[in-house]
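*Asks:* let me see the structure of the following:
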Amino acid sequence: MQGLTLLVAIIGSGLILLTRPRWWLPIFLGVVAFYPCNLTVPLGTIDFTAGRIVTFVMLAKGLMFSNIFRGFKLIWLDKLIIIYFIAQIAAGSATMDMGELLENRAGAICDLMLPYFIVRAVMKKKEDYLFFIKAAMVIAVPIAVLGIFQSITGINPYEPLRQYAAWGARSAEQSAQTRYGLYRATGSFPQPIMFGLYFAMLGPMAVGLYHYIQNKPFFYMGIAAMGVGAFSSLSSGPYFAAALSGLFIAMYHYRKKWKTLVLIAALMCLTVEVISNRHFYEVLDRFSLSGSAVWYRSRLIEVALFEGGMNNHWVVGYGHSDPNWGPRIDGRSFSDVVNHYLVVLCRYGLVGLIPFLTIVGTAMWKLVKVFKKNSRTRDAWMLWCFSGAMFGTLIAMNSVMLFGPPWTIFYIMLALCAQIPSYFAQSVRYVRVYYPQEIPAEIIAFEENKGNVTI
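*Replies:* All right, here's what the predicted structure looks like:
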């Protein structure tokens, strides 16, 4: 199976070498989405997936044969990403074998940091972003068709490859999980939750293309594919992420009342805490596909944060060792830490969690600032939908641990948070020079009709 992995990597790399930079990320996304991430080619002690090999080819071509890195400057979000990985190594050095730690983090750098910086270098214009999301919609269609086919029939064409997985191999029984009479689709992904999250993360971003696609049937087909793909996973995590993103997007016309809406939500949570014998986040099991799964996630938070789960490990965490929370949660023999923030805290302690939360906060703050400057144009809808995708993903990470393709996509989204402000910088400066106070409505209408970006 290493030969097949290498063949896929060669095809993807060849396409990278033959195409312009704006095609690189769609090609990379296609490789990541269509080929299992746990089928690898071992080189030394590191397992190289097809996606990792394609990443190195993109990087090499960008450095040697292209000028995409010319004039590249590190911004604060870039520095925070680097600091975060350094913090992980610093924390892990106190809890893990250094060789094992560096090998693990080297794989993470290939999957996360390098795609982040490649996106920063390649997607320099708004048109590049729009092209990437349109390509993601095209890629989503066959994957969604496969998902609904597997959900109905239980047949997954990727199933014969499962036995060759380098990690995360699932048994036949696990691969045939059912809910409500349907099979949980996995496709090429390690498990159903990651399959559904792929669509739940990209779908809201695709909704933001409404004003940029004249071929509306294509647009609706792409959005439908995203919805079908998320549905076929039959997983509460993707449903939760999609629902939160959808709710955020639905608030677009009421965005000026965001303070009131946040206050109402906070009061509702506080009310549940005061008058109920359950925490507000436990109420979510009423809306989930599996009440027991939500109960487990609630107990996970309580054990980890409030019942001594992190005692003596707050600073640098447990490393990659099992924190032994399972017996205290529900009697199971292992700890299934299905909360991404707790995963970071458990593995790297506050040394890792604080930089990670700083990255998330900085990324969202960038979106807030750029939206304020562009809230009166058609670009506001695209920005709002992208923010919705980030919002849904970040909240859903309280109930899922990202890995595989969704984890890579999350870093792509972080890179876009860093890059999006530059898409509007030139037009913003232009308008501010001539209209520093109030921008006349006729100017806005004229610029929008031309398709230009204004504030």
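*Asks:* what mean pLDDT would you report for the helix ranked longest in the chain?
*Replies:* Criterion DSSP state H: the longest helix present in the chain is helix 340-373. Helix 340-373 carries an average pLDDT of 94.
*Asks:* okay, and for the stretch 151-300 of the chain, where does confidence drop off?
*Replies:* For the stretch 151-300 of the chain, the stretches with pLDDT under 70 are 168-176, 277-291.
*Asks:* show me the helices in it, by range?
*Replies:* For the stretch 151-300 of the chain, the helices defined by DSSP state H, counting those that start in this stretch occupy 172-175, 192-207, 216-232, 236-250, 258-275, 291-301.
*Asks:* do you know which of these lies nearest residue 369?
*Replies:* Closest approach to residue 369 among the helices of the stretch 151-300 of the chain (Cβ to Cβ): helix 258-275, 14.9 Å. Glycine gets a C-beta too; all of them are placed from N, C-alpha and C.
*Asks:* residue 393 contacts residue 407, doesn't it?
*Replies:* No - judged on Cβ atoms under 8 Å, residue 393 makes no contact with residue 407 at a distance of 10.7 Å.
*Asks:* so those two - more neighbours on which side?
*Replies:* The neighbour count for residue 393 versus residue 407, taken as other Cβ atoms under 10 Å, is higher for residue 393 (25 against 17).
*Asks:* so which elements touch the one helix or strand the more buried one maps to?
*Replies:* Assigned by DSSP states H and E, residue 393 falls within helix 379-396. Counting contacts by 3 or more Cβ pairs under 8 Å, 6 or more residues apart in numbering; DSSP states H and E, helix 379-396 is packed against helix 192-207, helix 236-250, helix 340-373, helix 405-434.
*Asks:* what angle sits between it and helix 192-207?
*Replies:* Counting by axes from the mean of the first three to the mean of the last three Cα atoms, to 10 degrees, helix 379-396 points 160 degrees away from the direction of helix 192-207.
*Asks:* before we move on, back to that, return the set of buried residues in the longest helix of the chain.
*Replies:* Buried residues in helix 340-373, counting neighbours by 16 or more other Cβ atoms under 10 Å, are found at 340-356, 359-360, 362-363, 366-367, 370-371, 373.
*Asks:* swap in stretch 241-256?
*Replies:* Of all the residues in stretch 241-256, those buried under the rule 16+ other Cβ under 10 Å are 241, 242, 243, 244, 245, 246, 248, 249.
*Asks:* can you list the helices and strands packed on helix 379-396 in CSV and add distance to residue 123?
*Replies:* Shown next, in CSV, are the helices and strands packed on helix 379-396 (distance: least, Cβ to Cβ, whole Å):
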stretch, distance to residue 123
helix 192-207, 13
helix 236-250, 21
helix 340-373, 15
helix 405-434, 5
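*Asks:* any idea which of these gets closest to residue 21?
*Replies:* Using Cβ to Cβ, these put helix 405-434 closest to residue 21, at 13.4 Å.
*Asks:* need the residues that contact stretch 44-63.
*Replies:* Stretch 44-63 is contacted by residues 5-6, 8-9, 12-13, 16-17, 21, 24, 27-28, 31-32, 35, 37-42, 68-69, 99, 103, 106-107, 110-111, 114-115, 118, 121-122, 166-167, 408 when judged by Cβ atoms under 8 Å, 6 or more residues apart in numbering.
*Asks:* take those and keep only those in helices.
*Replies:* 5-6, 8-9, 12-13, 16-17, 24, 27-28, 31-32, 99, 103, 106-107, 114-115, 118, 121-122, 408.
*Asks:* and those, which of them are buried?
*Replies:* Buried among the ones in helices among the contacts of stretch 44-63 by 16+ other Cβ under 10 Å: 5, 8-9, 12-13, 16, 24, 27-28, 31-32, 107, 114-115, 118, 121-122, 408.
*Asks:* contacts only, for the residue most central in space within the chain.
*Replies:* Geometric centre of the chain, nearest residue: residue 410, 2.6 Å, by Cα atoms, centre = their mean. Shown in contact with residue 410 (Cβ under 8 Å, 6+ apart): 201, 393, 402.
*Asks:* tell me who's in contact with the closest residue in space to residue 96 that isn't next to it in sequence.
*Replies:* In this structure, residue 96 finds its nearest non-sequential neighbour in residue 319, 4.1 Å apart by Cβ to Cβ, 6 or more residues apart in numbering. Counting by Cβ under 8 Å, 6+ apart, residue 319 makes contact with 91, 92, 94, 95, 96, 101, 347.
*Asks:* buried subset of the residues you listed?
*Replies:* Listed as buried from those are 91, 92, 95, 96, 101, 347; burial here means 16+ other Cβ under 10 Å.
*Asks:* nearest to residue 195, of those?
*Replies:* The closest of the buried ones among the contacts of residue 319, once distances to residue 195 are taken by Cβ to Cβ, is residue 347, at 24.2 Å.
*Asks:* run through the residues that contact the closest one.
*Replies:* Going by Cβ under 8 Å, 6+ apart, residue 347 touches 88, 91, 92, 317, 318, 319, 320.
*Asks:* closest one of those residues to residue 329?
*Replies:* When the contacts of residue 347 are compared for distance to residue 329 (Cβ to Cβ), residue 318 wins out at 15.5 Å.
*Asks:* who touches that closest one in this structure?
*Replies:* Per Cβ under 8 Å, 6+ apart, neighbours of residue 318: 95, 346, 347.
*Asks:* can I get the CA coordinates of stretch 52-68 in PDB?
*Replies:* Coordinates of each C-alpha in stretch 52-68 appear next as PDB, following Å, rounded to 0.1, in the frame of the first residue of the first chain:
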ATOM      1  CA  ARG A  52       2.700  15.800   3.700                       C
ATOM      2  CA  ILE A  53       4.700  15.000   0.500                       C
ATOM      3  CA  VAL A  54       2.600  17.400  -1.500                       C
ATOM      4  CA  THR A  55       3.100  20.000   1.200                       C
ATOM      5  CA  PHE A  56       6.900  19.700   0.800                       C
ATOM      6  CA  VAL A  57       6.600  20.000  -3.000                       C
ATOM      7  CA  MET A  58       4.500  23.200  -2.600                       C
ATOM      8  CA  LEU A  59       7.100  24.600  -0.200                       C
ATOM      9  CA  ALA A  60      10.000  23.700  -2.400                       C
ATOM     10  CA  LYS A  61       8.500  25.100  -5.600                       C
ATOM     11  CA  GLY A  62       7.500  28.200  -3.700                       C
ATOM     12  CA  LEU A  63      11.000  28.800  -2.400                       C
ATOM     13  CA  MET A  64      13.000  27.800  -5.600                       C
ATOM     14  CA  PHE A  65      10.800  28.500  -8.600                       C
ATOM     15  CA  SER A  66       8.300  31.000  -7.600                       C
ATOM     16  CA  ASN A  67       8.200  34.500  -6.000                       C
ATOM     17  CA  ILE A  68       5.300  33.800  -3.700                       C
END
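*Asks:* thanks a lot, see you next time.
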